[in-house]
Every structure is written in structure tokens, then in C-alpha cells.
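Asker: Compute the structure for the input listed below.
(chains A and B)
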Number of protein chains: 2
Amino acid sequence: MALQNSSMKRLFSTAFQVRFYSAPAERSIPAAKQKYVPTSGTYPKGFLAGSSHAGVKPSNTKYDDVALVISEEPCPAAGVFTRNAFKAAPVTFCQKLLHSNDEKVRGVVANAGCANAVTGPIGRQHAVDMARATDECFDKTAEGRTLVMSTGVIGQKLPIDRIKEAIPKAHAALGSTHQYWMSAARAICTTDTFPKLMSRKFILPSQPDVEYSMAGMTKGAGMIHPNMGTLLGIICTDVKIDAKSMHRYLSAAANRSFNSISIDGDTSTNDTVAFLANGAAAPSAAAPLTLSNQGEHANSDSKAFMQVLTDFMTDLAKLVVRDGEGATKFVTIRVKSARSAYTARRAASSIATSPLVKTALYGKDANWGRILCAIGYAPGIIRNPGLGLRAEGPPEEKRSNGPPKTHAQVSMQSTSVSFVPSDGSEELKLLTLGEPAEVDEVRAKEILEMEELEILVNLDDDPDKKSRHMHEAVYWTCDFSHDLKLDRIVRL
Amino acid sequence: MALQNSSMKRLFSTAFQVRFYSAPAERSIPAAKQKYVPTSGTYPKGFLAGSSHAGVKPSNTKYDDVALVISEEPCPAAGVFTRNAFKAAPVTFCQKLLHSNDEKVRGVVANAGCANAVTGPIGRQHAVDMARATDECFDKTAEGRTLVMSTGVIGQKLPIDRIKEAIPKAHAALGSTHQYWMSAARAICTTDTFPKLMSRKFILPSQPDVEYSMAGMTKGAGMIHPNMGTLLGIICTDVKIDAKSMHRYLSAAANRSFNSISIDGDTSTNDTVAFLANGAAAPSAAAPLTLSNQGEHANSDSKAFMQVLTDFMTDLAKLVVRDGEGATKFVTIRVKSARSAYTARRAASSIATSPLVKTALYGKDANWGRILCAIGYAPGIIRNPGLGLRAEGPPEEKRSNGPPKTHAQVSMQSTSVSFVPSDGSEELKLLTLGEPAEVDEVRAKEILEMEELEILVNLDDDPDKKSRHMHEAVYWTCDFSHDLKLDRIVRL
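Answerer: All right, here's what the predicted structure looks like:
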């Protein structure tokens, strides 16, 4: 009855899409993903993009794998970086650069195929070399103008000579129109099945006649990449922003976008999102947008821009979830809490990363027990300490050794869970105030057949529906399917 | 080329082993697992075990699904329970019972097929009813003598009448020999492929002529169970233990055993391990074993017993990992740290639960980058906050908003990683003091072909090998294979 393992592998490599390494453009993009790839765009003034071929992976003989995105004039920049304690060389390079210069940055150089992570002093030198080779394209005397990103295999050295040769070629190939931006977006891809590029126009309330633009690209972080699901992002806008405020805008928007998606719960050594604002569309007299360290907006323009940036980065981050390896569903997790935003966020994060929840979604199983379970182990300190078994001592010892207080922030009796279908039809209640609902299984299956779905959790549901302030956290994630754990064949 | 989804499903259900629900005894136990099922044993004096059929799942018309394990005389008991904030009714019942009575417990009643979780006030009453029905078997006036365990589907009510009828039948079927213990071990199984029962003899230093025994059973927690991977455990010994010390022994041993295994990282609503010590083998004059609240042993007997209990529970817990759904490897994660036991434990836990590490192990990929990555996001607070991107502010803000101090406890430059083969041959160094080793891929593949494997991480490796105290944490886990995420067909 049982097939041989090798037969299974062969079967898988034909039954499921094989992911290639680098540059999805010249291959067919999956039909279901084509709608996410724009054929035109409106790009911010004073920015240029381009790419060239270095052959970072020796087997890559034709696809561009070095990308440049630059501003024609030096401009303020900011970055958000992985919290992983083992940061790759390009990450520490960028952090250092932005500490000494966050006002006069020219752009970003990125390579795919090798992460330059865990490469010691040589790796640090290679990151410096990539930046310097790019700086030299701008001006022989320029220094410290370029941010560096790498994605790919860990623990291997960059073929730095080939990359240094490719950088001037990418610079010579720079352009401002859609095709150039697309070439850069393709060049940073690894096992992505489609390039992730977006652009949009916006206006600010006090300057209704000025047309601003924002463009961005991202790559990764599919489910279980063969060599780490690194996420890279580059966001450019031609609005004028106060240099000191740059990282505040980026950080706030990142928390609601890239920090609110979950694919496999792993945090790579290289994750980086860079943000550049060159003010090229702004009248010279316009005051730069300013956000205080406490998050106070200087004016309505700042507030409006914050929303534009957050929405843009959210849409960009969602593209990463859409490309999750093995994903068949796009799932929104929305958690409400009257107690704290922290509680809502921890619960949402825990649901979004629970393998039990994600396999149930794939299996079209309305298993709200798994959702509750994931909430139940989320708050406080218990995160994967084995099975999390705790001893019950006699009462006098219990008091000094009780559960952490954050546990008190959820209670079964006030928790409700429902599925919200993506077609606007009525939600399906699964649990109401801790009591299981009589679930219409046909309706549940109907909702679970849909490609998009929202799980709505209210941790402080109120039968009297008295109005009170509810904190809300939203995560975006995907299901785990058959395709997830295959011993995947990845070819260039 | 692509197969239809339904064809795939059919294929899977034949190509991989289908897990049934409840009672693996009367079906064939997988050949590779038969060595873990004992055919005889030495059981503690004064304990009896048995089982009966209730048909908790209506489709179960013949397999026993109610188990009893009891002491002939009331005895001290302790329990460790899930830290999940949403605890099932039997869990809260046991916690309450042990708070008021941890000295005169008779035993444990358990059912498989329904978890009695998220069942509201009726569920709490059902847990009380199960205990009472058992108490009445001992003595019509007995009360509060029985611990209760349930495992199975969440959110459904127990068929309490059928269970109440089955309990006296299980009581009538009690016995002290191997076959009775095995029948109880089988009756608590859900999707386990083999019953998990162990027994052993031991002596204490001050009483070399007294033969003590310990026996225990466990069930679960395979990878991705259809209805929550609940772990249950029951451990009985005929040594005499001070009632107040019971939970101290159990808690310490649980932390190094059941709390050091990881299958899928989820913590169920029902996880419970109970521990009973009836002193039936001890001469009446023997002083009870005593462990202080600070973990100080009263004498060498206590110390020796602690080791016996820890070893026993470790071996029992390992059986759960051996039965992980989709697992093909048994993996030991050993992490050494000169700084703190906490750091070692967090790193070990993070490696043991990383999907990227576990799929690499299945794929026989010596990808130490994933191991490092998992360590890198382990310490401190970053546990699945999306992608964990952190903004870099200007230097003056950096100071007040820096990374948590625990991050400082790992550094690439002092970290070494190797694979330790299970056959006693030399370890294979993958990373030495932060520098990638030249890995002999043939040797790596050889080690990764083995069914057992140790990943050894030294976070404070010392090139001069000066002797200093190293904390060590050990986790046991399994790989993630093809078989993991299938939309599994589970039949009774």
C-alpha cells in the first residue's frame, strides 16, 4: 500500500509548484498571483531604480540579483531591523550608518542569493565594500551614503568581486519609470513566486495642489524558505520629512504592518525595511513633516501622512502573506480587548502563529477550541516552555508563587469568537461568552471554503453592549497546507 | 501534471499511516514502536489499575475509554497542570481538590474521547460527577478522594451517564499485575500509536533491603492532533513521602522531563500529570521522604529519590516525543551557557520549537544557520511579535529604548554548534566561536540519516577550555516531516 519515500518526493515535485530561486519575472507567475503584480505605477520624483546581474549564486547565469534604489539628492532615511540577537553584517552596517548619518543618504544596494550572515569580520568588510562601491557611483568623494541589504544562504561569503562589478552596471541601468522599479523588485526576490512592488499618489490636507507619491518593494518571507525567510523592504516617498522624525514614522507604521504579519514565526538574521524621503515633490517653502518622540503630530499633514504610510506598508506586508509557501488562505486575526492593547496583540500573535489553528484552517475545520487554546497560552510569560506544566502547591505557597498577573486578563466567560466571511455576509458565531454556539456546519464549511477569512475574537464581550473603549489588534497570516513541509526542490 | 486535491488526499491516506482514535492495543502497533511497549513490569505495591468501556465517542463500540488507577489506601498526591489560561473543567477540579486535600487521595479516573473543556458550569458538574462516582466505589461515605482527567474533543459535553455506568465496571475490573496496568494505559490513549507504560524498581541508600517500585503511564501529545494534543500522565510509587513535599518532588522532576519536551509548541487546555505515593513498600517505621520548599533534601534518600523520579519521568516523557505525529527523528537539544540556566533553557526551547530547524532536520540538511537564528530570537521578550522589526532611532533615543538586557547573553563570537551522532562516533562541528566550519557534507548526511541525533550548542565556548561552571538545558523534540500537516483522516 505505502509508496516509497522517493516516489512521494517525485510526486510532490510535480503535484505542487516548485519554487525557483531568484527572479520570478521571466518565468510564469502563478495565475492566482498575477493580480498582485502591477503593470504600471506612479513613482516618487527624484528616485531611480535599477538592477544588474552578478551571479551571486554561481548557478544563476542570467537573472539580475543586484538591485539599486536611489535618490537623486541626499535625503533623510530610517530603517527597522530584525530583533534577532545574531544580526547579519548588512544589518549592523546599516544600524551604524544611520546612527552617524540619517540626513544625507542616497539609497539602498541589495543582493539576493547570499545573506552575508554569520560571516565574521570578512562579512562586515563585504558590507562596507558594497556600500563603498555604490557611493563611488554617485561621486568619488562620497562616503556613508548607501544602505546595504543581503538575502539568501547563511554562513557563506559573498562573491564580493562579482558584486562590486555588478554595482556600477546597475547604476548605469537606473531609471525612474515602472520597468526600472520592477527590475529592482525582481532582483531582490529569492523563492518569491512574484515580485512585490506597489506605488500610489497622495495629497496632504494643507497642500491640496501638490501631488505626492510613494513607492515600495518587498521580498520574502514565504513559509519555510530553504535558507531563511528573510524579509526586505524599501519604501520611498517624495514628501519632505524632518530627519529626526523619519524613524518615528517608520517605526509606528512598521508595528501595524510588517510587525503584524506572521508566516512561520521565525525572525531572520537579515530582516530590514528601509525608508527614504527626499522631498522632491514638495515646494521648497513647505515645512518638513514632523512627529515628536512621544508620537505627537505637529499638524494635520503629519497625521494624514502617518495614515498613508501605514496603509501603504500594510498593503505591502500583506503581499508577503499572499506569497506564503504552502498557503491557500489569507487570514485576518482581529482581537478586541477592553483591558489593554498588549493583551489584544499577544492573543492575536499567538493565534496567528499556532500550527494547530493554521492546519485547522487548511482542513476547513471550524475548530474554535484551537483558537481558544492559543489565546490561553499567549498572555504572560508562557511561551513554549515545553508543555507549560505548573505545579499546584498547598495554598500558603500558592500565593507567593501564583500565575503571572497578565493571565488574569483573559477569562473564558467574557470571550466570544466568530468567523467573519470575506463576502460581507453575516458572521458565524462559534463561541459566545464562553459558551459553545450551535454551529451550522454547512455554513462553517462555506465560509472556510473562501480564500479570505477573518477570525474575530472579543476577549471582553459585553452582553449589554455598553459602549466602552476596546483596544484592537490585527494580524495577517496564512494557513498551513499539505504543501508546507515538503522537502522542497529549489532550483535556480 | 498536477493531481487533483482529492486524489492527493486519497493518496496520503494510503501512503501514510492513518491514525485511529483510542486504544491502539487491538490494532497493530507500528513495528518501529513495538520496542517501547513492555510485555511485563514490576508495579508498586498497594496500587491497582483497570479500565472499562463507556463509548465516550458514540462510534467507539468496543475499545475501553475509561481508566482507573487507585491506591488501596488513601495516600498523598500532587499534580502539575497546564498553564493555559483556559483550563478544562477536570483541571480546575483537580487543582481545587489538591488545595483542600493532598494527603488522602485514592486515585485517578480518566476518560478519552472528550476533553470536557469549554463546557461551562455543566462541564464543571460533570468533573464532580466523575469523581463522586469513583469515590462511591471505594466507600459510600468517601468524598474528595479522586482526581479527574479527560482528553479528546474540546467544546463537547461528556456523555456523563455512560461514564458513570462505566466507572464501577472499571473498579470491578481492577488488578495489580501488568495486564491491568496496560489496560488502563490503553484506555487513556487518543491518537497515540502505542500505549505508554513504564515501571521500574529502585532502592534508597539508607534502606538497601527494601525494594521500592514506581510505575507510570502517559498519553499524547503527538504532532497536531485532530482535537488538541493533550498530555496526561499518572505516576505511582510505593515509597513514603511527606504530603507537603509531594508537589515539590513532582514539580522539580516535571521541569526536567515533561516540561522539556516539545512537539508542536502548543499548550493544551487539559495537560495534567498526577503523582501518588502510598508508602506501601516502606517499613512502618521509615521516615517519609522530605524536600523543603527551597529544594533542600532532608537526607540522601530524598536526593536519591529525586533522581529516580526525574529519570523515570524523563523516560516517560520521551515516549511522547517518540510518538510525535509525522516524526521520523528523535532529537536531543543540549545547550550550555556560562551565564545562566535561563539563557540555556530559552535557547534550547526556541531551537526545539522552530519549524525551520525541524524541517531542516527532516530534510537531512545541516543548516546550522536556522539553529543560530532560533537562538537569536529566543532570549528576552521577542517571541513572535510579527517579524520582530525594531526601529533604530538616533543615538540619544537609542539609550532609553535599547534592546532588553537578556539579548546581551548571547554573542556570535562565543557560540559553537555541533551535531553529536547517536552511535558514539565523533561530533561534527558546524560552527566554532562564530566561524562556520568546513562541513564534511558526506559525514553530515551520515549523521542526519540516523534516527537519533543531538544538537549541541555552547553559547560560551572557550578556546582556552578554562574550567568554569556551565549551566545546561536539555530538550527533546522531533523533526517535522511530510506527514505532519496532512488533513488527516482520523477514524475510530
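Asker: What is the burial count for the residue in the stretch 101-250 of chain A positioned nearest to chain B?
Answerer: Going by C-beta to the nearest C-beta, chain B is nearest to residue A:154 of the stretch 101-250 of chain A, at 3.0 Å. C-beta coordinates here come from the backbone N, C-alpha and C atoms, glycine included. When neighbours are defined as other C-beta atoms under 10 Å in any protein chain shown, residue A:154 has 25 of them.
Asker: For residue A:303, give its distance to residue B:352.
Answerer: Separation of residue A:303 from residue B:352 (C-beta to C-beta, to the nearest Å): 45 Å.
Asker: Quick one: mean pLDDT over the helix or strand harbouring residue A:73.
Answerer: Using DSSP states H and E, residue A:73 maps to strand A:66-75. The average pLDDT for strand A:66-75 rounds to 97.
Asker: Is any residue of the next helix or strand after it near chain B?
Answerer: Toward the C-terminus, strand A:66-75 is succeeded by strand A:77-82 as the next helix or strand (DSSP H and E). Yes: interface with chain B: strand A:77-82 contributes A:78-82 (C-beta under 8 Å from any C-beta of the partner chain).
Asker: how big is the angle separating strand A:77-82 from strand A:66-75?
Answerer: Interaxial angle, strand A:77-82 versus strand A:66-75 (axes from the mean of the first three to the mean of the last three C-alpha atoms, to 10 degrees): 140 degrees.
Asker: right, and the helix or strand after strand A:77-82?
Answerer: Next in sequence after strand A:77-82, counting helices and strands by DSSP H and E, comes helix A:89-100.
Asker: how about the strands of the stretch 151-300 of chain A, start to end?
Answerer: A:196-204, A:207-219, A:232-237, A:261-262, A:272-277 (DSSP state E, counting those that start in this stretch).
Asker: ok, is the fourth one in contact with chain B or not?
Answerer: Right, strand A:261-262. Yes: contact between strand A:261-262 and chain B, assessed by C-beta under 8 Å from any C-beta, occurs at A:261-262.
Asker: do the last one as well
Answerer: Yes: counting by C-beta under 8 Å from any C-beta, chain B has neighbours in strand A:272-277: A:272-273.
Asker: Quick one: list the elements packing against the strand holding residue A:73.
Answerer: When contacts are defined as 3 or more C-beta pairs under 8 Å, 6 or more residues apart in numbering or on different chains; DSSP states H and E, strand A:66-75 packs onto strand A:47-52, strand A:105-114, helix A:120-138, helix A:160-172, helix A:178-187, strand A:232-237, strand A:272-277.
Asker: Can you pull the poorly scored residue ranges out of the stretch 201-350 of chain A?
Answerer: Across the stretch 201-350 of chain A, the ranges flagged by pLDDT under 70 are A:221-229, A:263-266, A:325-326.
Asker: I'd like the strands of the stretch 151-300 of chain A as CSV, with mean neighbour count appended.
Answerer: CSV is the format used below for the strands of the stretch 151-300 of chain A (neighbours: other C-beta atoms under 10 Å in any protein chain shown):
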stretch, mean neighbour count
strand A:196-204, 19
strand A:207-219, 20
strand A:232-237, 29
strand A:261-262, 25
strand A:272-277, 28
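Asker: With distance to residue A:64 added, can I get those strands in JSON lines?
Answerer: Below are the strands of the stretch 151-300 of chain A laid out as JSON lines (distance: least, C-beta to C-beta, whole Å):
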{"stretch": "strand A:196-204", "distance to residue A:64": "14"}
{"stretch": "strand A:207-219", "distance to residue A:64": "13"}
{"stretch": "strand A:232-237", "distance to residue A:64": "15"}
{"stretch": "strand A:261-262", "distance to residue A:64": "26"}
{"stretch": "strand A:272-277", "distance to residue A:64": "19"}
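Asker: between those, which one is nearest to residue A:334?
Answerer: Taking C-beta to C-beta, strand A:261-262 is the member of the strands of the stretch 151-300 of chain A nearest to residue A:334, at 13.8 Å.
Asker: what about the spatially most central residue of chain A, distance to residue A:83?
Answerer: In chain A, the residue lying closest to the centroid (C-alpha atoms, centre = their mean) is residue A:258, at 3.7 Å. Separation of residue A:258 from residue A:83 (C-beta to C-beta) stands at 12 Å.
Asker: now residue A:151
Answerer: Counting by C-beta to C-beta, the gap from residue A:151 to residue A:83 is 17 Å.
Asker: Between those two, which is the more surrounded one?
Answerer: Under the neighbour definition other C-beta under 10 Å, residue A:151 and residue A:83 were set side by side, and residue A:151 has more, 33 against 22.
Asker: surely that one meets residue A:115?
Answerer: Yes: between residue A:151 and residue A:115 there is a contact under C-beta atoms under 8 Å: 5.7 Å.
Asker: Report the set of residues contacting both of these two.
Answerer: A:230, A:270 (C-beta atoms under 8 Å, 6 or more residues apart in numbering or on different chains).
Asker: hmm, back to that, give the pairing partners of the strand holding residue A:73; include direction for each.
Answerer: Strand pairing for strand A:66-75, determined by DSSP bridges: strand A:47-52 (antiparallel), strand A:105-114 (antiparallel).
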